[in-house]
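Asker: Using only what follows, build the 3D model:
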Amino acid sequence: MGDFRKGLRLYDEARQSIESKQKFLRAYPFPEWKGESLKDKSILLWAEQGVGDQIMQARCLEQILEQSPQRVVVEADPRVFPGLQRSFPEVEVAVQTVSLRDELKAAAFDYQQSMMSAWAWTGHAPEDVNSATHHKPYWKVSKDLRDGFQTAWASRGWKRNVGISWHSKAKKIGHLKSIKPEVFQILTSCPEICFHSLQYDTAPADLQKLASAFQRQLLCDGQGDPTNNLDRLAAQVAAMDAVVTIDNTTAHLAGAVGTPCFVFLPRFSDWRWGIGSGKTFLYDSLTLCRQESPGSWGAEMAKARLWLQDVLDF
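Answerer: Residues are numbered from 1 along each chain as shown. Below you'll find the model as predicted:
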């Protein structure tokens with residue numbers, strides 16, 4: 001409903017109280033941080049959920065570092081390390097393991113906190129989404145990689161480059177978020193645009209088979225491994241003129257680097273996206289499109305085409 005701070009605190013309560021979550025909780029020998037001053041203090045922050053979620057959670061680091069802590073260590077998925085270290089060079093990174101590593105236990109941190117929950121305690125999670133503070137893109141990409149993509153595309157005469165992603169393998173809700181490739185024909189029929197696959201679980205050979213469904217051969221970064229090389233994927237997303245995607249890691253990357261992005265949300269979407277609005281305070285560059293009828297995406301794809309025409313001015 002817009003009170004994101006309250007939502008995060010309820011999320012914290014659920015983590016502690018729901019029985020099915022207990023097995024994921026780790027014992028920490030340090031007190032939980034709840035907004036105390038971090039000046040000259042040390043804090044261990046731990047990321048949670050998928051890599052897209054971890055990129056979203058990293059927004060709290062800007063406010064954490066403003067407090068001049070003595071040391072900040074972030075436990076996360078190694079795939080986000082390059083982006084984290086480039087964006088927040090003062091932060092140390094550590095591989096997240098099932099049990100807290102001995103060297104971290106021995107570090108005697110003043111505080112520990114989930115990186116998701118830390119955002120609520122920085123004071124920047126809004127109580128009213130309409131008056132939320134909007135932040136500039138915070139995820140820095142490799143300039144060489146980004147410029148290399150743009151130079152290569154320009155040399156081939158590709159003037160408008162748009163990335164798309166359409167499928168989720170999430171066990172519980174992946175089928176609700178995914179869109180059949182043939183529905184994208186409303187978009188891919190635009191001859192003025194070069195469409196690139198940003199789908200991180202689809203091999204080039206699979207794209208050849210899907211060409212008839214898209215009525216278009218999607219371009220593919222042959223040197224990339226978008227599942228494991230998020231740094232290269234982030235640079236590719238940053239090089240795009242626009243991105244059209246389902247709710248997945250690609251959407252979070254586009255928002256974090258500031259690329260205009262149209263996001264398809266299923267009828268019952270994740271709570272972080274709020275309700276009713278086509279914009280989100282999480283990322284200024286994202287436009288949200290909420291599914292009107294479960295199982296159908298045709299009307300939403302038509303809106304995506306109109307959005308592209310407006311963003312790319314054609």
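Asker: any idea which element the residue minimising distance to the centre of the chain lies in?
Answerer: Nearest residue to the geometric centre of the chain (Cα atoms, centre = their mean): His252, 2.0 Å. Using DSSP states H and E, His252 maps to helix 249-257.
Asker: so what does that helix touch, helix or strand wise?
Answerer: Applying 3 or more Cβ pairs under 8 Å, 6 or more residues apart in numbering; DSSP states H and E, we find helix 249-257 packed against helix 51-57, helix 230-239, strand 242-246, strand 261-265, strand 286-290. In this view, the C-beta of every residue, glycine as well, is placed from N, C-alpha and C.
Asker: Burial check on the residue lying closest to Ala302 once chain neighbours are set aside, number of neighbours?
Answerer: Of all residues not flanking Ala302 in the chain, Ile186 sits nearest, at 5.8 Å (Cβ to Cβ, 6 or more residues apart in numbering). Ile186 is flanked by 17 other residues according to other Cβ atoms under 10 Å.
Asker: how close does Ile186 get to Gln54?
Answerer: Distance, Ile186 to Gln54, using Cβ to Cβ, to the nearest Å: 33 Å.
Asker: Likewise for Tyr111?
Answerer: For Tyr111, the distance to Gln54 - Cβ to Cβ - is 19 Å.
Asker: nearest residue to Thr122 other than its sequence neighbours?
Answerer: Gln63 (3.8 Å).
Asker: surely that neighbour meets Ala120?
Answerer: No. Taking Cβ atoms under 8 Å as the definition, Gln63 is not a contact partner of Ala120, at 10.9 Å.
Asker: So for the two, which sits in the more crowded spot?
Answerer: Between Gln63 and Ala120, counting by other Cβ under 10 Å, Ala120 is the more crowded of the two (22 against 18).
Asker: so who does the more buried one touch?
Answerer: By Cβ atoms under 8 Å, 6 or more residues apart in numbering, the residues touching Ala120 are 4-5, 8-9, 12.
Asker: which one of those residues is nearest Gln96?
Answerer: Asp12 (18.6 Å; Cβ to Cβ).
Asker: Surely the closest one forms part of a helix?
Answerer: Yes. Judged by DSSP: H, G, I helix; E, B strand; the rest coil, Asp12 forms part of a helix.
Asker: what's near enough to touch it?
Answerer: Contacts of Asp12 (Cβ under 8 Å, 6+ apart): 114, 117, 120.
Asker: Quick check: it vs Cys289, distance?
Answerer: From Asp12 to Cys289 the distance is 30 Å (Cβ to Cβ).
Asker: just the helices in the stretch 151-300 of the chain please.
Answerer: 174-177, 185-188, 204-214, 230-239, 249-257, 298-312 (DSSP state H, counting those that start in this stretch).
Asker: Highest mean neighbour count out of those helices?
Answerer: With neighbours defined as mean count of other Cβ atoms under 10 Å, the helices of the stretch 151-300 of the chain peak in mean count at helix 249-257, which reaches a mean of 28.
Asker: what pLDDT, on average, does the one helix or strand the residue nearest to Thr122 maps to get?
Answerer: Gln63 belongs to helix 60-66 when assigned by DSSP H and E. Average pLDDT, helix 60-66: 94.
Asker: Surely Ser168 touches Ile246?
Answerer: Yes. Counting by Cβ under 8 Å, Ser168 does reach Ile246; the two are 6.0 Å apart.
Asker: where's Arg267 relative to Gln291, distance?
Answerer: Applying Cβ to Cβ, the value for Arg267 to Gln291 is 5 Å.
Asker: quick one: Ala125 from Lys6, how far?
Answerer: Per Cβ to Cβ, Ala125 is found 9 Å from Lys6.
Asker: higher neighbour count, these two?
Answerer: Ala125 (24 against 14).
Asker: The more buried one contacts Phe4, doesn't it?
Answerer: Yes. Assessed by Cβ under 8 Å, Ala125 is found in contact with Phe4 at 4.7 Å.
Asker: so what sits against both of these two?
Answerer: With Cβ under 8 Å, 6+ apart as the test, Ala125 and Phe4 reach no residue in common.
Asker: pLDDT wise, what is Lys21 at?
Answerer: So Lys21 comes in at 68 (pLDDT).
Asker: Next up, the contacts around the nearest residue to Met56 once chain neighbours are set aside.
Answerer: Of all residues not flanking Met56 in the chain, His252 sits nearest, at 5.1 Å (Cβ to Cβ, 6+ apart). Shown in contact with His252 (Cβ under 8 Å, 6+ apart): 52-53, 55-56, 283.
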